[in-house]
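Provided below for reference: sequence and predicted model.
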2 protein chains.
Amino acid sequence: MTSGPDVAAPPPGQRRKVSSHDIARLAGVSQSTVSRVLNNHPRITAVTRNRVLAAMEQLRYTPNAAARTLITGRSQLIGLVVSNITNPFYPQLIEAIVATAAEHDYNVVLGNTQESPRRQMDYLKLLVEHQVDGAILTSALQSGADDLQRVIRAGTPVVLVNRTLPGGTLDSVHIDNQRGGAIATEHLIRLGHRRIAFAGGRADTSTNQLRFDGYRQAMIEAGLDIDPDLVVHGDFTHLSGGITAHRLVTAARPPSAIVCADDVIALGCIDALHDRRVRVPQDIAVVGFDDVPVAALKGIGLTTVRQPAPEMGRRAFDLLMRRIGDDRQGPAVDEVLPAELVIRDTCGARAGGRG
Amino acid sequence: MTSGPDVAAPPPGQRRKVSSHDIARLAGVSQSTVSRVLNNHPRITAVTRNRVLAAMEQLRYTPNAAARTLITGRSQLIGLVVSNITNPFYPQLIEAIVATAAEHDYNVVLGNTQESPRRQMDYLKLLVEHQVDGAILTSALQSGADDLQRVIRAGTPVVLVNRTLPGGTLDSVHIDNQRGGAIATEHLIRLGHRRIAFAGGRADTSTNQLRFDGYRQAMIEAGLDIDPDLVVHGDFTHLSGGITAHRLVTAARPPSAIVCADDVIALGCIDALHDRRVRVPQDIAVVGFDDVPVAALKGIGLTTVRQPAPEMGRRAFDLLMRRIGDDRQGPAVDEVLPAELVIRDTCGARAGGRG
DNA sequence: TAGCACCATGCATACGTATTCCGAGCCGCC
DNA sequence: GGCGGCTCGGAATACGTATGCATGGTGCTA
């Protein structure tokens, strides 16, 4: 049974919130003691602790994180800035980060930049205002590097995921993107393709650049020419992939295969090719990058380079925790995970390709 | 040119953060004035304002949101609790909410419950501790209704999206789920199907229940029997969809069509059917629910019931803003959007179905 | 039994901002 | 020229928690 109906309750929802002072009064102790119970201070008698806990229960006490943050300087909040949540690569990453954060009693403040440097800057500023203990950035645009430096100097640790920035002064977690671009291309070469196109994403991102570098390197090592008409940069979107595919197919000498800078672009290519009655992989082979969950669907069967998103998310958070904790000044670390090719249908290897 | 090198800089990252008092000192005004400039108080001279702004610029001042929250009681933070980010329906919703929130200078704290009541409760508690001004819940589990009531009574407005809870005391935004289930089923009936299965998600969710009700209603109105063997409830996951499809196909009298409680289940069904060499839609028709982006891919072509996720997200935030603002005590509102069938390939209508 | 050490708790203060109440000018008007 | 009113800005306080320091009480030892 509860302690009976509220006496003289003020208009509900308007009543003053209960503070640790209220608990102290009810339990007959000082506010300091309440605070100590809250923080599991060792030198508190079991009886006092229980009295305090009972009072908290009775008054439905909820500590005020803002007050705690103000005095401790720590918020138990981290920022997570993503370039585009609707790109299916990110949900897995976000899920892993949010879950790992929760295990460490951290909450996540989410920002979505839509690849806009302005929005990226706005979010970083807001995050610092909200006293986040650190931030994970998956949207690093190279044009936003300066803003980032300001955040760092303001004392907020930052970890980059997926994309990196030149200079190497920031912690980051990513796969070997150049190698990824290379193994995708090498696979197509091995299948006998010689005119291989590159369908790129945003030009000012490290991922796009490195994957393209890998593509180029593989082509050069195989002694193949790179036709400038077969290299197109755009966005990491389905629409952009479609436009790129259209351009490639209508080129003077169309390619027999396309290496895409990510899976969403690849899916855009495939849909556009479908519209033009170009068969994949019989007429044109397509390889993606990321291995988003959609790629594994039977109706898609996208050959792609795998990124272990959950693993990347966990590592990013762990790295951030190290920075938040003791190791604030250590040298920047680069955690590089291996790139791995996942062979499915769109490259033609399964249908008895020439390799 | 900047003001020259820092004088006697303490170890970087360790220096005390600059507060409004520092700005006041540098600008030769009081802290109150700094605060007023910050809040665009009207009665501040242009000269004073500029002096203060210059000082802020020089010291790279960042206001402390925790202190502001402590005194104003408002954090410019809202909570967003989702059941499963990796379900492709949610990213669009999240994107819309985050974007709308940003327009109103709000930040979003994200939680992912994985359909766990415990996690849902933990997040709600943490959100209240962090003084969020309100919360949007898309994961409402019926078993967590009590916790929700506590949050509400603690003075934090809550808006439900997609799912609802019995009692009708909470604001919510959703489509007409029952009608959605009905039009999906009616469409299959019109195509000549008589043995139609229902591949459900979590049984303790309003969406699953209402969509099933719609299915049942359509069947009954058409004078068709519902074979208990053809009604299966599971999870809103690809795996669960696959298991359900397996059960349906191996039933004594298999169905000729399946209505799924969401698109992810539908995709799981389709993949499982593919593995068993059951052709979709020739052997079995499949209809999904949500119209996630994947459904529109050419290789998928999923017939499904559309939910306008961006619109729902915007409305949910607007509704929450109303609650945070003036209208705290008004009666609960239910914003219901229409359900719309999107016909693609998996129902067989395009291939010259019998309708 | 006296004295000392130590443990549990209370007191007081600090964190950084918003806001209420005041006071000091200044202008204009009669 | 004097006074009223208005405008701008300062002083002081409050928000709710954490924590260093002080204190009283208890138990142990000689």
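Ah, there it is.

Go through stretch A:291-301 and flag the buried ones.
Neighbour-count burial for stretch A:291-301, counted by 16 or more other CB atoms under 10 Å in any protein chain shown, picks out A:291, A:292, A:293, A:294, A:295, A:297, A:298, A:299, A:300, A:301. Any C-beta I mention is one placed from the backbone N, CA and C, and that applies to glycine too.

Who are the contact partners of the first one?
If I follow you right, that is residue A:291. By CB atoms under 8 Å, 6 or more residues apart in numbering or on different chains, residue A:291 lies in contact with A:263, A:304, A:305, A:306, A:307, A:342.

related to what we said a few turns ago, tabulate the buried residues of stretch A:291-301 in JSON lines, adding columns for secondary structure.
Supplementary listing: the buried residues of stretch A:291-301 in JSON lines, determined by DSSP: H, G, I helix; E, B strand; the rest coil:
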{"residue": "A:291", "secondary structure": "coil"}
{"residue": "A:292", "secondary structure": "coil"}
{"residue": "A:293", "secondary structure": "helix"}
{"residue": "A:294", "secondary structure": "helix"}
{"residue": "A:295", "secondary structure": "helix"}
{"residue": "A:297", "secondary structure": "coil"}
{"residue": "A:298", "secondary structure": "coil"}
{"residue": "A:299", "secondary structure": "coil"}
{"residue": "A:300", "secondary structure": "coil"}
{"residue": "A:301", "secondary structure": "coil"}
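
Please identify which pair of those lies farthest apart.
A:291 and A:299 (16.1 Å; CB to CB).

I only care about the contacts of residue A:291 that end up buried; give me the PyMOL line for that.
Paste this into PyMOL to select the buried members of the contacts of residue A:291, with burial taken from 16+ other CB under 10 Å:
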select buried, chain A and resi 263+304+305+306+307
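
Inside helices: which ones of the contacts of residue A:291?
If you go by DSSP state H, these have residue A:263 in helices.

can you tell me which of the contacts of residue A:291 are in strands?
A:304, A:305, A:306, A:342 (DSSP state E).

quick check, nearest of those to residue A:210?
Nearest to residue A:210 out of the ones in strands among the contacts of residue A:291 is residue A:305 (CB to CB; 11.6 Å).

For DNA strand D, see how far away that closest one is.
Applying CB to the nearest atom of the strand, to the nearest Å, the value for residue A:305 to DNA strand D is 46 Å.

Then residue A:293?
As for residue A:293, its distance to DNA strand D is 40 Å (criterion: CB to the nearest atom of the strand).

residues contacting that residue?
A:88, A:92, B:86, B:238.

Show me which of the residues you listed is closest to DNA strand C.
residue A:92 (37.1 Å; CB to the nearest atom of the strand).

What is the strand or helix carrying that closest one packed up against?
Secondary structure from DSSP states H and E places residue A:92 in helix A:89-103. Counting contacts by 3 or more CB pairs under 8 Å, 6 or more residues apart in numbering or on different chains; DSSP states H and E, helix A:89-103 is packed against strand A:77-82, strand A:107-112, helix A:309-324, helix B:89-103, strand B:107-112.

ok, 6 Å please
Applying 3 or more CB pairs under 6 Å, 6 or more residues apart in numbering or on different chains; DSSP states H and E, we find helix A:89-103 packed against helix A:309-324.

Counting neighbours, which bits of the next helix or strand after the helix it packs on end up buried?
Following helix A:309-324 in sequence order, the next helix or strand is strand A:334-337 (DSSP H and E). Buried residues in strand A:334-337, counted by 16+ other CB under 10 Å: residue A:335.

likewise stretch A:51-59?
Neighbour counts over stretch A:51-59 (16+ other CB under 10 Å) mark A:51, A:52, A:53, A:55, A:56, A:59 as buried.

Residue A:203: what's it in contact with?
Residue A:203 makes contact with residue A:233, according to CB atoms under 6 Å, 6 or more residues apart in numbering or on different chains.

Give the other helices and strands that the strand or helix carrying residue A:182 contacts.
Using DSSP H and E, residue A:182 falls within helix A:177-190. Under the contact definition 3+ CB pairs under 6 Å, 6+ apart, helix A:177-190 sits against helix A:206-221, strand A:257-260.

Tabulate those in a markdown table, adding columns for distance to DNA strand C, mean pLDDT and mean neighbour count.
Output for these, formatted as a markdown table (distance: least, CB to the nearest atom of the strand, whole Å; pLDDT from 0 to 100; neighbours: other CB atoms under 10 Å in any protein chain shown):
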| stretch | distance to DNA strand C | mean pLDDT | mean neighbour count |
| --- | --- | --- | --- |
| helix A:206-221 | 35 | 97 | 21 |
| strand A:257-260 | 47 | 98 | 31 |
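
For those, give me CSV that also has distance to residue A:195.
Formatted as CSV, the helices and strands packed on helix A:177-190 follow (distance: least, CB to CB, whole Å):
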stretch, distance to residue A:195
helix A:206-221, 10
strand A:257-260, 7
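
domain assignment for chain A?
A:1-60, A:76-175+A:309-337, A:177-308 (automatic domain parsing).

Out of those, which gets nearest to residue B:250?
Between residue B:250 and the domains of chain A, the tightest spacing by CB to CB is seen for domain A:177-308, at 19.0 Å.

thinking again about what came up before, can you lay out the contacts of residue A:291 as TSV showing distance to DNA strand C?
What follows is these, written out as TSV (distance: CB to the nearest atom of the strand, whole Å):
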residue	distance to DNA strand C
A:263	44
A:304	47
A:305	46
A:306	45
A:307	40
A:342	50
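
now the contacts of residue A:291 as JSON lines including distance to residue B:248 and pLDDT?
Below are the contacts of residue A:291 laid out as JSON lines (distance: CB to CB, whole Å; pLDDT from 0 to 100):
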{"residue": "A:263", "distance to residue B:248": "30", "pLDDT": "98"}
{"residue": "A:304", "distance to residue B:248": "31", "pLDDT": "98"}
{"residue": "A:305", "distance to residue B:248": "36", "pLDDT": "98"}
{"residue": "A:306", "distance to residue B:248": "32", "pLDDT": "98"}
{"residue": "A:307", "distance to residue B:248": "35", "pLDDT": "97"}
{"residue": "A:342", "distance to residue B:248": "30", "pLDDT": "98"}
